[in-house]
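Here is my input; please provide its structure:
(chains A, B and C)
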Amino acid sequence: MGKQERLPRDFFSQHALKAARQLLGMRLVRTESQTRISGIITETEAYRGEEDLGCHCRSGRTPRTRVMYGPPGYAYVYFTYGQHWMLNFVVEGEGYPAAILIRGINPEEGIKTIASRRANQPSAQWTNGPAKICKALNIDKGFNEADICAPDALLYVERGCSIPDSCVTTGPRVGLNTVPEPWKSIPWRFLVTDYPFESPDVSRI
DNA sequence: AGCACGATTAACT
DNA sequence: GTTAATCGTGCTC
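Have a look, this model is predicted:
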């Protein structure tokens, strides 16, 4: 495996559902101390528009959601439950709020670092959740509004492998317990099946 | 200024 | 299956 192409801003300008599907199989890369920590994306969720009551943009443009109204190819990183960071990528056109939540990756590089940050956890649970990924890759507030298409970006996405439709499952987004229908059940979650690093609640679909 | 709650996780029983 | 942890955010007063 040689050097791989980084996803250009055009990739992130596409419709959120398409971007969420296409991100499966791509490689999320975090460069830290000149070292690569990476993993193949295995699970995503799409959030788009103020009418999507599961999206933070249901409240419109606020200090937190500002980045989602900006140009595509930027990171939206937010804090929740008093302790967890979540990584999203802004997609679609400037002015229309949409983002893709990265919920699962299959670790490839920087395994020792990932293992140390996920101490006392079995490898199958190192990065099978959105907050687990941020902990393993040391992603926090500092990456909010970061340009992931910049040449010197420390967080970016590479074209990894193509995942056939036969290996992809869709279902309702996770954790939207108090969100009204149809948003609670709309199948905007995408995940690769037959990978060992899926989220634990695959069986819920 | 105060309040309710969350795109979760890990450790329980 | 249940629950504590823990605080930024957006909403109401």
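
any weak-confidence spans in chain A?
Low-confidence regions of chain A, defined here as pLDDT under 70, cover residues A:1-3, A:194-205.

Quick check: residues of it near DNA strand B?
Residues of chain A that fall close to DNA strand B, judged by Cβ under 7 Å from any atom of the strand: A:45, A:47, A:54-57, A:76, A:80-84, A:86, A:88, A:99, A:101, A:118, A:120-121, A:125, A:129-132, A:135, A:173-179, A:199. All C-beta atoms are positioned from the backbone trio N, CA, C, and that covers glycine.

Which residues are in contact with residue A:130?
A:84, A:86-87, A:101-103 (Cβ atoms under 8 Å, 6 or more residues apart in numbering).

let's see 7 Å
Under the criterion of Cβ atoms under 7 Å, 6 or more residues apart in numbering, the contact list for residue A:130 reads A:86-87, A:101-103.

residue of chain A with the smallest distance to DNA strand C?
residue A:82 (2.5 Å; Cβ to the nearest atom of the strand).

follow-up on the earlier one: can you list which of the contacts of residue A:130 are found in strands?
When strands are assigned by DSSP state E, the members of the contacts of residue A:130 inside them are A:86-87, A:101-103.

Turn the residues you listed into JSON lines, including distance to residue A:151 and neighbour count.
What follows is those, written out as JSON lines (distance: Cβ to Cβ, whole Å; neighbours: other Cβ atoms under 10 Å):
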{"residue": "A:86", "distance to residue A:151": "26", "neighbour count": "20"}
{"residue": "A:87", "distance to residue A:151": "20", "neighbour count": "27"}
{"residue": "A:101", "distance to residue A:151": "25", "neighbour count": "22"}
{"residue": "A:102", "distance to residue A:151": "22", "neighbour count": "28"}
{"residue": "A:103", "distance to residue A:151": "28", "neighbour count": "27"}
